[in-house]
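**Student:** I would like the atomic coordinates for the input below:
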Amino acid sequence: MSIEFRVLRSILTILPAILATVAHAGPRARDLGVPFEGSPGPLNAITDVAGVTVGQVTLIEDLADGRKVRTGVTAILPRGRATITTPAFAGSFSLNGAGEMTGRAWIEESGMLDGPVLLTNTHSVGTVHQAAIEWRVKQGNPDSSGYWWSTPVVAETWDGELNDVNGFHVKPEHVFAAIDGAKPGPVDEGNVGGGTGMICHMFKCGIGTSSRKVDVNRHGYTVGSLVQANYGSRSSLRIAGVPVGLELPTRAQRGKQDRGDTGSIIIVIATDAPLLPHQLERLAKRAGMGLARMGSYAGNGSGDIFVAFSTANAEAMGGDRVLAAEFIDNDSLDALFEATVQSTEEAIVNSLVAARDMTGNAGNVAKALPHDVLQALLARYGRGGSTPR
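**Tutor:** Down below sits the predicted model:
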């Protein structure tokens, strides 16, 4: 076999993966000229918080019997591989509880996030929960209990409009792959991972992320947000203060009617600022204000559940001795609160901008937010959008 042939065969083997990556790499909200407050980190992603890694498995398949698989798993590891043995201070908040995030009782009781945060569809929570425990057991020596006692954090939103949600297509191996594949660096957005089949404000939506850099008492910190967005009515949608939903009323489309602010959104907040659990709960609450900027009013049927964690204080996360932890005083938290609001808002817009049209189960269709129309609306309202930046 010639060298040239071997090279050609290698190129042809990896070409589909290259093309998939290129096809996915599209503009983000800032590239369309959407104006945001605050200064993002270099990646403008939750992975700007050092140590945080994200892995995603996307399941898209048309089955022989006509059913459509449009779902997946997203894994956020607070400390990368060190998440296996080192928990993180954490807090959580439920703005409206028509949804599920397992493990919240232990977060509230202990102030600890013990393991990864996993996002998926509503009917796959049980599978993902059990797989997360199985993954941890397989990693090595048990904890002091001898069992790797674990209450994983698994959160969901409903993708039953586009996905064959009762087909239970998420399997343990998908969970293992999402966790083991978690990495730093850029994070895929839109129709990926747990967000593959999600819809928000009557547009195709999914995973989105953003970050902010802040200065607190002459110390630089980062706040990052990652959302799995699947909420909201069309009429209430606001982007950068522009009433996009009123300008783009719902057109008749198969599979999804505007029934108000139903659906759900899961928001994960990460920071490297040294915060105690009650302070992280306060941070988690501010994610709801970023959601409100988008026009959500957390309707009765919406599951709006948030978790926040800090990667600081790793040395205070274990042992049987007296431990010491650093923390910022409450009077100095405002910059972190503001960064949470700003990064959450931008993460949601990124989830909309990155999404693409999708045809799913039973012929249901979700159209993406048209970029040119959004830019024209922003320009008309004097909010940018006329030229990408």
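**Student:** for Trp135, see how far away Ala155 is.
**Tutor:** Applying C-beta to C-beta, to the nearest Å, the value for Ala155 to Trp135 is 17 Å. C-beta: built from backbone N, CA, C; applies to glycine.
**Student:** pull out the buried positions in the longest strand along the chain.
**Tutor:** Ranked by number of residues, the top strand in the chain under DSSP state E is strand 219-231. Using 16 or more other C-beta atoms under 10 Å as the test for burial, strand 219-231 gives 221-231.
**Student:** same thing with stretch 324-338?
**Tutor:** 327-328, 333, 335-338.
**Student:** about what we covered before: biggest separation within the buried residues of strand 219-231, which pair?
**Tutor:** Tyr221 and Asn230 (29.6 Å; C-beta to C-beta).
**Student:** so which elements touch whatever helix or strand Thr71 lives in?
**Tutor:** Taking DSSP states H and E as the definition, Thr71 sits inside strand 68-77. Applying 3 or more C-beta pairs under 8 Å, 6 or more residues apart in numbering; DSSP states H and E, one finds that strand 68-77 contacts strand 53-62, strand 117-121, helix 172-180, strand 219-231.
**Student:** now tabulate these in CSV and tack on distance to Ser150.
**Tutor:** Formatted as CSV, the helices and strands packed on strand 68-77 follow (distance: least, C-beta to C-beta, whole Å):
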stretch, distance to Ser150
strand 53-62, 18
strand 117-121, 12
helix 172-180, 13
strand 219-231, 22
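**Student:** please produce TSV containing those, extended by distance to Ala240 and mean pLDDT.
**Tutor:** Shown next, in TSV, are these (distance: least, C-beta to C-beta, whole Å; pLDDT from 0 to 100):
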stretch	distance to Ala240	mean pLDDT
strand 53-62	26	98
strand 117-121	26	98
helix 172-180	32	98
strand 219-231	17	98
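**Student:** can you list the weak-confidence ranges in this structure?
**Tutor:** Counting by pLDDT under 70, the chain has low-confidence residues at 1-25, 144, 251-259, 385-389.
**Student:** go again with 90.
**Tutor:** In the predicted model of the chain, residues 1-26, 85, 139-150, 249-263, 316-323, 384-389 satisfy pLDDT under 90.
**Student:** all helices of it, in order?
**Tutor:** 3-24, 104-110, 125-138, 172-180, 244-247, 277-293, 334-354, 371-380 (DSSP state H).
**Student:** deepest-packed of those helices, please.
**Tutor:** helix 334-354 (a mean of 26; mean count of other C-beta atoms under 10 Å).
**Student:** could you figure out how far that one is turned away from strand 219-231?
**Tutor:** 40 degrees (axes from the mean of the first three to the mean of the last three C-alpha atoms, to 10 degrees).
**Student:** chain center to helix 334-354: distance?
**Tutor:** Centre-to-centre, helix 334-354 and its host chain are 11 Å apart (C-alpha atoms, centre = their mean, to the nearest Å).
**Student:** stretch 27-40 now?
**Tutor:** 18 Å.
**Student:** give the buried residues for it.
**Tutor:** For stretch 27-40, by 16+ other C-beta under 10 Å, it's 28-30, 32-34, 36, 38, 40.
**Student:** can you check the distance spanned by that stretch, start to finish?
**Tutor:** End-to-end distance of stretch 27-40 (C-alpha to C-alpha, to the nearest Å): 16 Å.
**Student:** kindly report the same for stretch 354-361.
**Tutor:** 21 Å.
**Student:** who's in contact with it?
**Tutor:** For stretch 354-361, contacts defined as C-beta atoms under 8 Å, 6 or more residues apart in numbering pick out 26, 28, 67-68, 70, 160-164, 189-191, 197, 203-208, 255, 365-369.
**Student:** and these, which are buried?
**Tutor:** With burial judged by 16+ other C-beta under 10 Å, the buried subset of those is 28, 67-68, 70, 160-164, 189-191, 197, 203-208, 255, 366-369.
**Student:** in strands only, show me those.
**Tutor:** Using DSSP E, these in strands are 68, 70, 203-204, 207-208, 366.
**Student:** which of the residues you listed sits closest to Thr122?
**Tutor:** Nearest member of these to Thr122, counting by C-beta to C-beta, is Arg70, at 13.5 Å.
**Student:** ok, Gly206 to Ala347 distance?
**Tutor:** 11 Å.
**Student:** circling back to that earlier point, direction included, what does the strand holding Thr71 pair against?
**Tutor:** strand 53-62 (antiparallel), strand 117-121 (antiparallel) (DSSP bridges).
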